[in-house]
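Visitor: 3D model of this:
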Amino acid sequence: MSAGPEGATGTTTGARTLSRLLRDLAAERGDAEALVYPAFTHGDEELRLTFAQLDARVDDIARGLIAIGIEAGEHVAVWGNNVPDWVPMEFALARIGAVLVTVNTALQKDEVAFVLKQSKSVAVVHTTSTGTNESSKTLDELLVEADPSVAAIRNRVWMAGLPDEEPPFGVAPDGGHAALGGIENVIDRGKSVTPEQLAERENATQPDDVVNIQYTSGTTGFPKGVMLSHANIVVNSATLGRQMGLNADDRVAMIVPLFHCFGCVVAVLGTYSVGATLCCIPGFEPSAALRLIEEEHCTIVHGVPTMFTAMLAHEDMDKRKITTLRAGLAAGAPCPVPLMKEIVERLGCPGIAVTYGLTEASPGVAGSVPDAPLETRCQTIGKPLDGVEVMIAEPGAVQAVPDGEEGELLCRGPNVMVGYHDDPESTAAAITSDGWLRTGDLCMRDEDGNLRISGRLKDIIIRGGENIAPAAVESVLREHPDIVGAAVVGVADEFLGEKVAAGLILKKGATLDPPAYEELLEGRVAKFKVPEIWQTFEAFPLTGSGKVQKYKLREMFDA
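Guide: Down below sits the predicted model:
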């Protein structure tokens, strides 16, 4: 195990860098299991790394990244499934002072191009495919076409999903985009980098440096790069871990995607905040998730409500002997009371709790504790997390309303983001001069101090835990020659939380043609963003300034 840096410090009291967190774990719990991929998830070849082994793997990758020219402060996009090197890559980028740009695995070519361009990524690390996407092929196309979005990219690195996979690059484009093959090739190059060179980069990294950019829809409906510091995510994940009562003997079932804050922050860093074990599958599939929990004796499971619903409905549910679960988090979307009760009773997870957050808050703002009454866990989002201030304010103002009255939920504390990447105007709109983050959600505080979300100010659809910006879908739909106007809203759905519904105003004589609109959207937006409900209107309800009144349109769909 390589020697760690001399006590990195920053301006955030008590915070550590990601690298210092792992160094400390390697020193204190070196022989304990850190990262597990059972054989059934990894081509019949199990992977089990101790904290000392994980730290050494991170060193190897970090030296390789330095060797291929990744500088401190530069941005590296990671677009891949939950493969074994995803977590080491997260820490390796942090160790050399680089910034991890997480890319949603469901994004299509145009959306990926936007993220790569807006983030100014200089390299992309990826798997062969991401869900239903052929990510390698998409990157081949972008690089060969010399798309302006990838002009800054100097290198691309491939992460294997299975032990016997080969680098899939079908094209080696000219113009400086070096296809470096697999991570092992990068590690081999890193042998020329000395431990002293790595230590120099590591020691220069501070807790308040930006370490992660995550793209979220934001308050205006367009993708924004949320900049999070080491201190933001290390402190917030540890706070959530304490809230749940995590300890070093816990084994956490990692079934959520790593590209989400829920994955790479809450699950990974929350687990490692206490030196517990992370047990993984490459991507969510209900049968695999149930098997993981049973075979690895997992004690904690995090997921969005749709994941829990899928597991409970799967034919393997009653075949698996799941007896070790004690707690977990249901987040990303509201969790209905019947589902919470099923998680407790059928999945055998008595301490399932809820947490509320947003990417701009690193992500946790409030949550319930595992031993709170079930009604409290079902009907509220609990109380503010330790160290996080909350204000229920007059919408658009920074003036508190009395308890029991509805207002916009604001938060302030070490969890508030650094800002939006290259977007000072949106940053100023989201964070007040005295540090309050506007969440855009309507909330009220009850007599017990618990918070209840009552609605949203911002025009965002949350479908199965995924945030969807209607504007992105609407702009594509308006390209269809028969569509005069398009307005997209979320309508209530028992399983997904919300479904995507599109209201259309058509040219005179045109008829509704959903397959044609879906074909137009294909490859332009992720599949989960494609409307499932289509309806024509003579006119939309409008404000005095001519903007669509989405809440009225939503009521029309619900009716």
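Visitor: State the pLDDT value of the closest residue in space to Pro257 that isn't next to it in sequence.
Guide: Nearest residue to Pro257 in three dimensions, chain neighbours excluded: Gly263, at 5.2 Å (Cβ to Cβ, 6 or more residues apart in numbering). Quick note: C-beta positions are derived from backbone N, CA and C, even for glycine. Gly263 carries a pLDDT value of 96.
Visitor: Could you do Thr220 as well?
Guide: On pLDDT, Thr220 comes in at 45.
Visitor: after the helix or strand of the chain with the lowest mean pLDDT, next one along is what?
Guide: When the helices and strands of the chain are scored by mean pLDDT, DSSP states H and E, strand 178-182 comes last with a mean of 74. Next helix or strand after strand 178-182 toward the C-terminus (DSSP states H and E): helix 183-189.
Visitor: packing partners for the following helix or strand past that next one?
Guide: Downstream of helix 183-189, the first helix or strand assigned by DSSP H and E is helix 195-204. The contact analysis (3 or more Cβ pairs under 8 Å, 6 or more residues apart in numbering; DSSP states H and E) places helix 195-204 against helix 51-67, helix 86-95.
Visitor: could you redo the last one with a cut-off of 7 Å?
Guide: Helices and strands touching helix 195-204, by 3 or more Cβ pairs under 7 Å, 6 or more residues apart in numbering; DSSP states H and E, are helix 51-67.
Visitor: Now do the helix or strand just after the helix it packs on and helix 86-95, the angle between them.
Guide: Along the chain past helix 51-67, the next helix or strand (assigned with DSSP H and E) turns out to be strand 75-79. Counting by axes from the mean of the first three to the mean of the last three Cα atoms, to 10 degrees, strand 75-79 points 170 degrees away from the direction of helix 86-95.
Visitor: Okay, now the sheet partners of strand 75-79, with direction.
Guide: Note on strand 75-79: by DSSP bridges, its sheet partners are strand 99-102 (parallel), strand 121-126 (parallel).
Visitor: which of those sits most buried?
Guide: strand 99-102 (a mean of 26; mean count of other Cβ atoms under 10 Å).
Visitor: Just the C-alpha atoms of that strand, please, in CSV.
Guide: This file holds the C-alpha atoms of strand 99-102, laid out as CSV (Å, rounded to 0.1, in the frame of the first residue of the first chain):
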residue,chain,number,x,y,z
VAL,A,99,-13.2,16.3,-11.7
LEU,A,100,-15.5,13.4,-12.3
VAL,A,101,-18.3,14.3,-14.7
THR,A,102,-21.1,11.6,-14.3
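Visitor: could you redo the strands paired with strand 75-79 as JSON lines and give each row mean pLDDT?
Guide: Shown next, in JSON lines, are the strands paired with strand 75-79 (pLDDT from 0 to 100):
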{"stretch": "strand 99-102", "mean pLDDT": "98"}
{"stretch": "strand 121-126", "mean pLDDT": "95"}
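Visitor: Determine which of the ones you listed approaches Ile293 most closely.
Guide: Proximity to Ile293, assessed across those by Cβ to Cβ, is greatest for strand 99-102 (25.1 Å).
Visitor: So the residue nearest to Pro257, which state does it fall into?
Guide: Per DSSP: H, G, I helix; E, B strand; the rest coil, the local secondary structure of Gly263 is helix.
Visitor: Give me the neighbour count for it.
Guide: Residues lying near Gly263 (other Cβ atoms under 10 Å) number 20.
Visitor: That one is in contact with Val256, isn't it?
Guide: Yes: between Gly263 and Val256 there is a contact at 4.7 Å, judged by Cβ atoms under 7 Å.
Visitor: What segments of the stretch 351-500 of the chain are helices?
Guide: 374-379, 424-430, 470-477 (DSSP state H, counting those that start in this stretch).
Visitor: Could you tell me which other helices and strands the first one packs against?
Guide: Taking 3+ Cβ pairs under 7 Å, 6+ apart as contact, the helices and strands that helix 374-379 lies on are helix 337-345.
Visitor: Same check on the longest one?
Guide: Helix 470-477 sits against strand 483-493, helix 514-521, with contacts defined as 3+ Cβ pairs under 7 Å, 6+ apart.
Visitor: Any chance you could list what contacts that helix?
Guide: Residues outside helix 470-477 that contact it (Cβ atoms under 7 Å, 6 or more residues apart in numbering): 221-222, 459, 461, 483, 486-489, 502, 517, 520-521, 524-525, 529, 531.
Visitor: Give me the buried subset of those residues.
Guide: The neighbour count (16 or more other Cβ atoms under 10 Å) marks 221, 459, 461, 483, 486-489, 502, 517, 520-521, 524-525, 529, 531 as buried among the contacts of helix 470-477.
Visitor: among the residues you listed, which one has the lowest pLDDT?
Guide: Gly221 (48).
Visitor: Run a quick check on Ile343 versus Phe308, I expect a contact.
Guide: Yes: with contact defined as Cβ under 7 Å, Ile343 counts as touching Phe308 (5.4 Å).
Visitor: what stretches of the chain score poorly on pLDDT?
Guide: For the chain, the stretches with pLDDT under 70 are 1-14, 146, 169-179, 217-222, 543-546.
Visitor: Need the residue closest to the centroid of it.
Guide: His260 (1.1 Å; Cα atoms, centre = their mean).
Visitor: list the contacts for it?
Guide: Going by Cβ under 7 Å, 6+ apart, His260 touches no other residue.
Visitor: Bridged to the closest residue to Ser426 other than its chain neighbours, which residues?
Guide: Of all residues not flanking Ser426 in the chain, Tyr420 sits nearest, at 4.8 Å (Cβ to Cβ, 6+ apart). For Tyr420, the beta-bridge partners under DSSP bridges are Val226.
Visitor: Can you get me a residue count around Tyr420?
Guide: 24.
Visitor: separation between Glu474 and Ala502?
Guide: Using Cβ to Cβ, to the nearest Å, Glu474 is found at 8 Å from Ala502.
Visitor: overlap in contacts of those two?
Guide: Ala486, Val488.
Visitor: Would you mark the buried spots in stretch 107-123?
Guide: 107-109, 111-123.
Visitor: Farthest pair within the residues you listed?
Guide: Pairwise over the buried residues of stretch 107-123, using Cβ to Cβ, the maximum falls at Gln108 and Val122, 22.5 Å.
Visitor: Name all residues that make contact with the residue nearest to Thr17 when sequence neighbours are not counted.
Guide: Distances taken as Cβ to Cβ, 6+ apart place His230 nearest to Thr17, at 4.4 Å, with adjacent residues excluded. Shown in contact with His230 (Cβ under 7 Å, 6+ apart): Ala15, Thr17, Leu18, Ala94, Pro207, Asp209, Val211.
Visitor: separation between the third one and Arg412?
Guide: Using Cβ to Cβ, one obtains 24 Å as the distance from Leu18 to Arg412.
Visitor: quick one: which of these two has more around it?
Guide: Using other Cβ under 10 Å as the criterion, Leu18 and Arg412 rank with Leu18 on top: 25 against 17.
Visitor: Now the more buried one, what are its backbone angles?
Guide: The phi/psi pair for Leu18 (degrees, to the nearest 10) reads phi -60, psi -40.
Visitor: tell me, how many neighbours does Leu442 end up with?
Guide: When neighbours are counted by other Cβ under 10 Å, Leu442 registers 17.
Visitor: ditto for Ser433
Guide: 7.
Visitor: I'd like to know how far it sits from Arg412.
Guide: 12 Å.
Visitor: on that earlier part again, my guess is the residue nearest to Ser426 contacts Val226. True?
Guide: Yes: using Cβ under 7 Å, Tyr420 is in contact with Val226, at 6.4 Å.
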